[in-house]
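> Got a sequence here, can you model it:
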Amino acid sequence: MASLVHLPEIERLSPACIRILGGNPSKFTLQGTNTYLLGTGPNRLLIDTGEGKPSWIAALKRTLDEEKAAVQKALITHWHHDHTGGISQLLEYSPQTVIYKSSPAEGQSNISEGQKFEVEGVTLTAFHTPGHTTDHIAFVLQEEDALFTGDNVLGQGTAVFEDLGTYLKSLAKMEKLVSGRGYPGHGPVLPQASTIIAEYISHRYQREQQVLQTLGSTQDNESWTPMELVRIIYRDVPESLHIPAANGVVQILRKLRDEDRVVLEDGDSWRLKDRSSL
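Alright, predicted model coming up:
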């Protein structure tokens with residue numbers, strides 16, 4: 001947390017984009033969940049709703065009062081509580097707001113691939129980008145050639161994911177969508193989204209190589225548990241982060257198993273299928 005850059009609770013990032021923090025900072029949410037109020041007229045779009053902290057809805061109300069605007073539609077990037085927890089607060093304050101989400105809950109509207117959302121000053125296009133979650137959506141802001149990356153790409157550090165192979169395909173898709181900046185689900189604005197996404201892809205393949213090289217570091221092709229791999233690969237990372245790192249290593253191992261390059265032994269031990277997998 002000490003290394004995180006300071007972000008104001010409310011900040012205008014462009015003529016049509018205001019970021020409002022969710023009031024929920026932590027080692028996993030960084031400075032807190034970013035929510036974005038979009039548009040230049042009386043009707044606005046909102047991306048994500050934080051997790052339901054009183055400070056967030058108070059900040060949103062103040063901003064809307066100052067802007068003399070209302071939230072017409074709220075677009076949810078994915079199902080995680082730190083992005084959906086404020087929906088009930090929003091609807092209590094603004095019952096007319098329509099909630100849009102991929103794989104919507106009862107009372108919500110669906111988001112489909114290529115769907116457009118428009119208000120004065122803003123045209124958003126939705127893209128299904130699973131990996132962090134199966135329902136994850138990214139949005140392109142046409143007027144700025146900018147990308148709302150959700151939790152697939154963060155403003156600082158790296159993201160977690162449910163399925164590495166799927167995640168890498170989504171990153172490759174996202175890399176080609178815009179040439180401008182990125183508005184992430186957590187952390188500061190990305191000056192050039194495509195550059196950071198390319199770094200994410202490179203980093204994931206670097207971690208994959210580290211796993212393969214560690215598995216192949218013994219002559220007898222012994223097996224390793226994910227945590228044993230973490231202690232080698234992430235030896236410079238604080239131990240408090242080793243458990244989430246192990247989750248990432250498991251995702252790498254599953255991807256490599258799908259590619260027939262590693263084998264899961266009894267229990268939770270993994271080994272190279274053969275040295276040609278290196």
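> Quick one: the strands in the stretch 1-150 of the chain, in order.
Secondary structure of the stretch 1-150 of the chain (DSSP state E, counting those that start in this stretch): strands at 10-14, 17-21, 34-38, 43-47, 70-76, 98-101, 109-110, 116-119, 122-128, 137-141, 146-150.
> following the last one, which helix or strand shows up next?
Sequence-wise, the next helix or strand beyond strand 146-150 is helix 164-175, with elements assigned using DSSP states H and E.
> Give me the below-cutoff pLDDT ranges for this protein.
Residue ranges of the chain with pLDDT under 70: 1-2, 276-278.
> remind me, longest helix of it?
helix 193-215 (DSSP state H).
> hmm, back to that, closest to V189 out of the strands of the stretch 1-150 of the chain?
Smallest distance to V189 across those (Cβ to Cβ): 6.0 Å, for strand 10-14. (C-beta placed from N, C-alpha, C; glycine too.)
> R181: what's its closest spatial neighbour, skipping adjacent residues?
Using Cβ to Cβ, 6 or more residues apart in numbering and skipping the chain neighbours, the partner closest in space to R181 is A146 (5.1 Å).
> so that neighbour sits right up against Q192, yeah?
No: with contact defined as Cβ atoms under 8 Å, A146 does not reach Q192; the gap is 10.0 Å.
> what is in contact with these two at once?
Common contacts of A146 and Q192, defined by Cβ atoms under 8 Å, 6 or more residues apart in numbering, comprise 180-182.
> out of those, who's nearest G131?
Here the nearest of the shared contacts of A146 and Q192 to G131, counting by Cβ to Cβ, is G182; it sits at 15.7 Å.
> that older thread, if you compare the strands of the stretch 1-150 of the chain, which one is most tucked away?
Greatest average neighbour count among the strands of the stretch 1-150 of the chain goes to strand 146-150 (a mean of 28), per mean count of other Cβ atoms under 10 Å.
> and that one, what other elements does it pack with?
strand 137-141, strand 182-184, helix 193-215 (3 or more Cβ pairs under 8 Å, 6 or more residues apart in numbering; DSSP states H and E).
> Between strand 146-150 and the longest one, find me the angle.
Angle between the axes of helix 193-215 and strand 146-150 is 40 degrees (criterion: axes from the mean of the first three to the mean of the last three Cα atoms, to 10 degrees).
> Go ahead and produce CSV holding the CA coordinates of the helix or strand just after helix 193-215.
Using DSSP H and E, the next helix or strand after helix 193-215 towards the C-terminus is helix 226-233. Backbone C-alpha positions of helix 226-233 (Å, rounded to 0.1, in the frame of the first residue of the first chain) are rendered in CSV as follows:
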residue,chain,number,x,y,z
PRO,A,226,2.7,-24.9,-6.6
MET,A,227,3.9,-23.4,-3.3
GLU,A,228,7.3,-24.9,-3.8
LEU,A,229,7.5,-23.3,-7.2
VAL,A,230,6.3,-19.9,-5.7
ARG,A,231,9.1,-20.0,-3.1
ILE,A,232,11.6,-20.1,-6.0
ILE,A,233,10.0,-18.0,-8.6
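> how far does helix 226-233 sit from the chain's center?
Computed by Cα atoms, centre = their mean, to the nearest Å, the chain-centroid distance of helix 226-233 equals 24 Å.
> List the contacts of it.
Helix 226-233 is contacted by residues 207, 210-211, 214-215, 242, 245-246, 249-250, 253, 268, 270 when judged by Cβ under 8 Å, 6+ apart.
> Can you lay out the residues you listed as CSV showing distance to K176 and neighbour count?
Shown next, in CSV, are those (distance: Cβ to Cβ, whole Å; neighbours: other Cβ atoms under 10 Å):
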residue, distance to K176, neighbour count
R207, 23, 19
Q210, 27, 16
V211, 27, 26
T214, 32, 17
L215, 32, 24
H242, 34, 17
A245, 29, 21
A246, 32, 19
V249, 28, 26
V250, 29, 18
L253, 28, 23
D268, 37, 15
W270, 33, 24
